[in-house]
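Engineer: sequence first, predicted coordinates after that:
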Amino acid sequence: MSSAEAARLLGVKLPTLYAYVSRGLLRSLPAARGRARRYLRSDVEALSQRGPSVRAAAGALRWGEPILESGITAMTPEGPAYRGQLAVGLADAGVGFEAVAELLWTGSLPAAPLRWDAGEAAELAGVLPLLPSDAPHASVFPLLVAARAARDAGRFDPTPEGVLPRARALIRLLAAGLALPRAPARARRAARADRLCEVVARALGVSAEPAKLAAIDALLILLADHELNASTFAARIAASTHADLYAVLQAGLATLSGPLHGATSDRFEALLVEVGSPERAERVVQERARRGERIPGFGHPFYGAAGDARARVLLERAWELGAGVPAVAVVNAVIGAMERAGKPPANVDSAAVALRAALGMPAGAVAGLFAVGRAAGWVAHALEQVATGHLLRPRARYKGPLPAREARSEP
């Protein structure tokens, strides 16, 4: 069956159909020609017998089925929409990351450019002795968050008035921490910059050219939220217990560190090292296919064949800023090889790596940038969750053996 036929029989939209495939509820096979997929009729008919409510309940904690109501981000074919405004439109409009974060938090987009007060950034020097010289960028963040939490006696205020000033300063601290442990002096200079994009640029050694700063803003905006992803769900669970802001961010950071989530960009970076040069891209893609290995940084369960709109925006910036940069040429070659092989299009992870290379940032920086941007979404979801007054406590459907009943003796 075609995807349209399968979706019609199941009574669902195409993104939900693709989610069923990603969760293993349906099998899909390549069509004889083109990039379309075919679906086994027996699978589709068997799944249709279960009914939509049963299918939703069975996969409520797997990708693709909503499990709670939210007014923050809508998932659309054109990418996430923050409070009704497409993220790609906000990125192209040059609004600024700080304004988009305020939109996520309050529902209103500020008209004037914003500058967040960083406050004292003593944690930058305080955590340095604890770090090995080659510590990954994102691994620094849990130490910075813990150090600031220990010094903040008022951190247990769950109201927006208590949370938002701390969130603004903490995100700036994380952005400056991108320089650690390799360039502590640069981290201190970064902490004093006006806009967050300038904090990031200074921390990672990027020149403050307007086009580069705009590209950093766009990257952070497009990473700021993506509905109820794994790290955001973890942050919401922590917030539902009325854990403080720092604990909420620690929950998000821990979940984001997994190789199937925020660390996907690191896996794509490793692929680029394996490819080495544009001429080898075709061979590496074919060898991966021969071994049945999935190539990271391509495809997305929600966007399907249409592709990730966030990736298109970031790749356009990468091509503009990275002409002649060898690593950008390798990314471009891998994308071309994947397209010729009929594989899924690039997603935000590989596109972010391309932009990282175009800006001259060090390898591995994307995982840290992901955390800086996504922290805005975690704060928004934490505030929303606290406002509901509910503890998130899903139930499990037990499938193991039951204890034997004790034999009852006759009276």
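Structural biologist: Looks like it arrived, so ask away. Numbering: from 1, shown residues only.
Engineer: which strands or helices does the lengthiest helix in the chain pack on?
Structural biologist: As assigned by DSSP state H, the longest helix anywhere in the chain is helix 365-388. The contact analysis (3 or more CB pairs under 8 Å, 6 or more residues apart in numbering; DSSP states H and E) places helix 365-388 against helix 97-106, helix 160-176, helix 196-203, helix 210-223, helix 230-240, helix 245-256, helix 264-275, helix 348-359. For the C-beta atoms, the positions are set from N, CA and C on the backbone; glycine is no exception.
Engineer: mind putting those into CSV with mean neighbour count, mean pLDDT and distance to residue 287?
Structural biologist: Below are these laid out as CSV (neighbours: other CB atoms under 10 Å; pLDDT from 0 to 100; distance: least, CB to CB, whole Å):
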stretch, mean neighbour count, mean pLDDT, distance to residue 287
helix 97-106, 23, 97, 39
helix 160-176, 22, 96, 38
helix 196-203, 26, 97, 36
helix 210-223, 23, 98, 31
helix 230-240, 23, 97, 30
helix 245-256, 24, 98, 30
helix 264-275, 19, 96, 9
helix 348-359, 28, 98, 18
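Engineer: so which of these gets nearest residue 127?
Structural biologist: helix 160-176 (10.6 Å; CB to CB).
Engineer: for residue 133, which non-adjacent residue is spatially closest?
Structural biologist: In this structure, residue 133 finds its nearest non-sequential neighbour in residue 181, 6.0 Å apart by CB to CB, 6 or more residues apart in numbering.
Engineer: secondary structure element for that neighbour?
Structural biologist: Counting by DSSP states H and E, no helix or strand carries residue 181.
Engineer: ok, it touching residue 137?
Structural biologist: No. Applying CB atoms under 8 Å as the test, residue 181 and residue 137 come out as separate, 9.5 Å apart.
Engineer: those two: which is more packed in?
Structural biologist: Neighbour tally, residue 181 and residue 137, criterion other CB atoms under 10 Å: the higher count belongs to residue 137, 27 against 19.
Engineer: how about the residue nearest to the more buried one when sequence neighbours are not counted, what does it touch?
Structural biologist: Nearest residue to residue 137, sequence neighbours excluded (CB to CB, 6+ apart): residue 368, at 3.3 Å. Contact partners of residue 368, counting by CB atoms under 8 Å, 6 or more residues apart in numbering, are 136, 137, 138, 140, 141, 174, 177, 178.
Engineer: mind checking which of these are buried?
Structural biologist: 137, 138, 140, 141, 174, 177, 178 (16 or more other CB atoms under 10 Å).
Engineer: next up, the contacts around the closest residue to residue 243 other than its chain neighbours.
Structural biologist: Spatially, and ignoring its direct neighbours in sequence, residue 243 is nearest to residue 251 (7.6 Å; CB to CB, 6+ apart). For residue 251, the contacting residues are 231, 234, 235, 237, 238, 243, by CB under 8 Å, 6+ apart.
Engineer: of all those, which comes closest to residue 315?
Structural biologist: Within the contacts of residue 251, the smallest distance to residue 315 is 23.8 Å, found for residue 231 (CB to CB).
Engineer: ok, back up a step: I'd like the helices and strands packed on helix 365-388 laid out as JSON lines, including distance to residue 123.
Structural biologist: Listed next are the helices and strands packed on helix 365-388 as JSON lines, based on distance: least, CB to CB, whole Å:
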{"stretch": "helix 97-106", "distance to residue 123": "21"}
{"stretch": "helix 160-176", "distance to residue 123": "6"}
{"stretch": "helix 196-203", "distance to residue 123": "14"}
{"stretch": "helix 210-223", "distance to residue 123": "21"}
{"stretch": "helix 230-240", "distance to residue 123": "21"}
{"stretch": "helix 245-256", "distance to residue 123": "11"}
{"stretch": "helix 264-275", "distance to residue 123": "24"}
{"stretch": "helix 348-359", "distance to residue 123": "25"}
